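*Asks:* give me a model of this one.
(one chain, ligands or ions: 3)
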Amino acid sequence: MVEAKKLFIKTYGCQMNVYDSERMVEAMGAEGYVTTETVEDADMVLLNTCHIREKASEKLYSDLGRLRAFKEAKPEMKIGVAGCVAQAEGDEIMRRMPLVDLVVGPQSYHRLPEMNRRLLAGGKAIDTEFPAEDKFDHLPERKALRGPSAFLTVQEGCDKFCAFCVVPYTRGAEVSRPADRLLAEARGLVEKGVKEITLLGQNVNAYHGAGAASDGGGDWGLARLVRALARIDGLERIRYTTSHPNDMEDDLIAAHGDEPKLMPYLHLPVQSGSDRILKAMNRKHGRDAYFRMIERVRAARPDILLSSDFIVGFPGETDADFADTLDLIRAVGFGQSYSFKYSARPGTPAAEKPGVEAGVADARLQAVQALLLEQQRAIQAGMVGREVAVLYEKAGRMAGQMVGKSDHLHAVHVTDAAGKPGDLVRVRIVESGPNSLGGQRV
Ligand code: SAH
Ligand code: SF4
Ligand code: F3S
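*Replies:* Ligands and ions are numbered 1, 2, ... in the order given. Below you'll find the model as predicted:
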């Protein structure tokens, strides 16, 4: 028997990259590759990269530095760079990093098998096009890889052009996949045991795809898609991320109130609480509009858990602007958030302007993270004593323990000797730790 070839894949960045990595593994699976966890074993190493902040991009170059020794020890090992850095800097990577054999952008990875054949014939391969054909039409069928919870990319790209952000350049214009295809992919996942699907898009709530033919066709927004997915037997939970405040349409807000399978969690990044900075960021909405949106969402689903992203130290951000951000956070109350120090990215309009002093930005980051952590802990502590639904993902570290996620996306450790991944059970929360809850099955 011929031994299978081995693929080592490392994923950086957002969930969309996680999804893309799974699909790349499936594409290479059709070429006879299986995944390995160790670089030494690998016939091919694929780095699926992120370009969002300087630190993220730098990781690629430090990892390539480390791979050099492996490649010297095993020259036939192929090294590929995929994802957003590949898209942004592919030509330069090829020119400056002789150890790299392959560069593939996020829109062309369905061509990986054919590119790999070129490598095996002794060449190199680069593809950072935005091809006219749809990559999803050329990829093999899904395998459920991550247990009972799966990602499903429904929309890609971004037309918003926030002044700080590279995504419109690395991922291209907004494109939505047709509902029929998404429903088929979702049904396939459910048949393989998936119970929870998180719909992904750089701007997922800007989803406007061709409606399902069996359901009257037309143009569907995200709410129509969610409602159609909710009718799939065996699919218990639906989530979506990431959303833009300007694309929260009325029917999506309504769905949070009346679609039980749509989970009570909303990641709605606001970035800043200052009107002046929001304008400079080209976010196209002010703080009051954000407050009004949150009010409407909470009117539909009072117990919804809100999360956001924040950038501190954006060019021109004053102490008063930053105070507005802290004020917005106090006014809303977030259950979970990500905050970042502004990073000037090549080619973005904001990169032309001087950033705030590094020490000031560091201090603001610490302050905003302390406040967000305090809110997260308070909301977690408020769960103690309540009964929640938990979808088990895997066994816990301790015997007789399972780990899963609650409806509100809290990680929960549950004492349950009989539990197995995929069980959706009722749990009484008995304690709140730093990053997770503890509970007993009821
Ligand atoms: N589409 C999503 C965000 C994608 S990027 C949205 O519009 O919200 C994820 C997060 O990275 C952003 O929300 C932002 O907070 C952060 N980010 C993006 N560009 C950045 C930059 N240049 N510097 C620091 N953080 C950045
Ligand atoms: Fe980037 Fe803004 Fe688009 Fe989000 S909405 S991906 S932050 S440009
Ligand atoms: Fe990073 Fe690209 Fe996602 S830049 S955050 S991997 S869309």
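*Asks:* what's the average pLDDT for stretch 363-372?
*Replies:* Mean pLDDT, stretch 363-372: 98.
*Asks:* buried residues in that stretch?
*Replies:* Neighbour-count burial for stretch 363-372 flags 364-365, 367-368, 371-372 (criterion: 16 or more other Cβ atoms under 10 Å). C-beta: built from backbone N, CA, C; applies to glycine.
*Asks:* ok, and what's touching that stretch?
*Replies:* Residues outside stretch 363-372 that contact it (Cβ atoms under 8 Å, 6 or more residues apart in numbering) are 310, 312-313, 317, 322, 325-326, 329-330, 334, 337, 339-341.
*Asks:* show me which residues of the stretch 251-400 of the chain sit near ligand 3.
*Replies:* Residues of the stretch 251-400 of the chain found near ligand 3 (Cβ under 6 Å from any ligand atom): none.
*Asks:* would you map the helices across the stretch 251-400 of the chain?
*Replies:* Taking DSSP state H, counting those that start in this stretch, the helices of the stretch 251-400 of the chain run over residues 275-280, 287-300, 319-332, 358-381.
*Asks:* which strand or helix spans N17?
*Replies:* helix 15-29 (DSSP states H and E).
*Asks:* so which bits of that helix are buried?
*Replies:* 16-29.
*Asks:* among those, which are in reach of ligand 3?
*Replies:* Among the buried residues of helix 15-29, the ones lying near ligand 3 by Cβ under 6 Å from any ligand atom are 16-17.
*Asks:* pull up the distance across stretch 68-82, start to finish.
*Replies:* In stretch 68-82, first residue to last residue: 18 Å (Cα to Cα, to the nearest Å).
*Asks:* got the buried residues for that stretch?
*Replies:* 70-71, 77-82.
*Asks:* same check on stretch 406-424?
*Replies:* For stretch 406-424, by 16+ other Cβ under 10 Å, it's 406-410, 412-416, 419, 421-423.
*Asks:* before we move on, what about stretch 244-255?
*Replies:* Neighbour-count burial for stretch 244-255 flags 244-249, 252-253, 255 (criterion: 16+ other Cβ under 10 Å).
*Asks:* ok, those residues vs ligand 3, which is closest?
*Replies:* Set against ligand 3, the nearest of the buried residues of stretch 244-255 by Cβ to the nearest ligand atom is H244 (14.0 Å).
*Asks:* contact partners for the closest residue to the closest one other than its chain neighbours?
*Replies:* With sequence-adjacent residues excluded and distances taken as Cβ to Cβ, 6 or more residues apart in numbering, H244 is closest to N203, at 5.2 Å. By Cβ under 8 Å, 6+ apart, the contact list for N203 reads 155, 157-160, 174, 242-244, 247.
*Asks:* circling back: can I get the helices of the stretch 251-400 of the chain in JSON lines with distance to ligand 1?
*Replies:* Output for the helices of the stretch 251-400 of the chain, formatted as JSON lines (distance: least, Cβ to the nearest ligand atom, whole Å):
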{"stretch": "helix 275-280", "distance to ligand 1": "12"}
{"stretch": "helix 287-300", "distance to ligand 1": "12"}
{"stretch": "helix 319-332", "distance to ligand 1": "12"}
{"stretch": "helix 358-381", "distance to ligand 1": "10"}
